[in-house]
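> sequence below, structure please.
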Amino acid sequence: MTRAEKTDLRREAGQRTREGLQTAALELLAQRGQEGVTLREITERAGANVAAVSYHFGSLKALCNSAIEHALEQYLDAQIQELGPLGPASSLQDLAAAFARPMMRALAAGGPELAMMRTVARVGIDPPEGWERLHGKFDHSRREALRVLTANLPGIDEQELIFRTRCAAGLLNWLALAPIGTELAALPAEQIERQLVPVVAGAFRGDGPTGR
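Okay, here's the model as predicted:
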């Protein structure tokens with residue numbers, strides 16, 4: 001084996017360790033939040049040692065921040081991908097389905113996908129302070145939603161529409177953590193969508209015009 005091949009193997013092993021630590025942190029964060037996670041639990045779950053955390057992340061807090069940021073970015077990317085194809089002719093029901101689809105998919109799939117969503121839910125809709133690089137994605141997602149909302153609800157102030165978008169996101173965040181979310185997760189994917197989409201559409205609709 002050449003020196004370059006050995007270097008590649010070490011790099012791959014290091015990347016697996018890093019990803020394993022991040023996944024373990026994500027699973028524990030989803031269950032308890034940042035205050036309830038210990039370094040020992042993460043390393044035991046990941047099959048790694050404390051030195052690996054120091055080497056790859058520097059500290060427990062940095063590891064947790066990295067896991068949360070990863071979860072937020074994955075969520076935002078998925079939501080932007082769902083919202084992107086919508087156009088001015090799309091209905092509030094269409095918007096609600098696209099907006100909620102990452103959460104619905106996670107509820108149906110369980111496992112790491114649901115852990116990611118529960119971590120996002122614990123953080124909330126706003127990007128954590130200091131993570132400016134995600135602000136653009138939050139804004140992108142919000143703009144995509146506003147594009148459909150303004151077409152369906154003309155005359156409603158933009159700040160009011162942003163508020164409704166935040167309420168819809170807050171509803172989904174709550175659902176990821178509340179017992180009713182566990183109940184929904186036991187249902188077929190089609191039934192999850194049938195029950196959840198009208199509720200999210202209602203948050204968008206508010207007390208304004210009915211929309212299409």
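
> which intervals of the chain have sub-threshold pLDDT?
The chain contains residues with pLDDT under 70 at 1, 3-10, 124-131, 207-212.

> and the helices in it?
For the chain, the helices defined by DSSP state H occupy 3-32, 39-46, 50-56, 60-83, 92-109, 111-123, 135-152, 158-177, 179-185, 189-205.

> and those helices, which is most packed in?
By mean neighbour count, with neighbours taken as mean count of other C-beta atoms under 10 Å, helix 92-109 ranks first of those at a mean of 22. C-beta: built from backbone N, CA, C; applies to glycine.

> so what's the residue most central in space within the chain up against?
Nearest to the mean C-alpha position of the chain, counting by C-alpha atoms, centre = their mean, stands Y75 at 3.4 Å. Applying C-beta atoms under 8 Å, 6 or more residues apart in numbering, we find Y75 in contact with P102, M116, M117, V120.

> try Y55
So Y55 contacts nothing (C-beta under 8 Å, 6+ apart).

> ok, it to V123 distance?
Applying C-beta to C-beta, to the nearest Å, the value for Y55 to V123 is 26 Å.

> ok, R147 next?
R147 sits 25 Å away from V123, going by C-beta to C-beta.

> and for R143?
In this view, R143 and V123 are 21 Å apart by C-beta to C-beta.

> and stretch 11-21, how far from the chain's centre?
Here the centre of stretch 11-21 is set off from its chain's centre by 23 Å, with C-alpha atoms, centre = their mean, to the nearest Å.

> run through who's touching that stretch.
With C-beta under 8 Å, 6+ apart, stretch 11-21 has contacts from I42, T43, A46, G47, A48, A52, V53, H56, F57, L63.

> so what's the fifth one up against?
Spelled out, it's A48. Applying C-beta under 8 Å, 6+ apart to A48 gives the contacts T17, G20, L21.

> residue contacts, the residue lying closest to A201 once chain neighbours are set aside?
Leaving out its chain neighbours, the residue that sits closest to A201 by C-beta to C-beta, 6 or more residues apart in numbering is A96, at 3.8 Å. Contacts for A96 (C-beta under 8 Å, 6+ apart) come out as A168, V197, P198, V200, A201, A203, F204.

> next one: L175
M103, L107, A121, G181, L184, L196.

> separation between the residue nearest to A201 and L86?
From A96 to L86 the distance is 11 Å (C-beta to C-beta).

> that older thread, and the contacts of stretch 11-21 as JSON lines, adding distance to E69?
Below are those laid out as JSON lines (distance: C-beta to C-beta, whole Å):
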{"residue": "I42", "distance to E69": "16"}
{"residue": "T43", "distance to E69": "20"}
{"residue": "A46", "distance to E69": "18"}
{"residue": "G47", "distance to E69": "23"}
{"residue": "A48", "distance to E69": "20"}
{"residue": "A52", "distance to E69": "19"}
{"residue": "V53", "distance to E69": "16"}
{"residue": "H56", "distance to E69": "14"}
{"residue": "F57", "distance to E69": "12"}
{"residue": "L63", "distance to E69": "11"}
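
> closest to N173 among those residues?
L63 (22.5 Å; C-beta to C-beta).

> hang on, that closest one packs against E41?
No - using C-beta atoms under 8 Å, L63 makes no contact with E41, being 11.8 Å away.

> quick one, what contacts V148?
Contacts of V148 by C-beta under 8 Å, 6+ apart are L83, L86, G87, P88, S90, L92, D94, L95.
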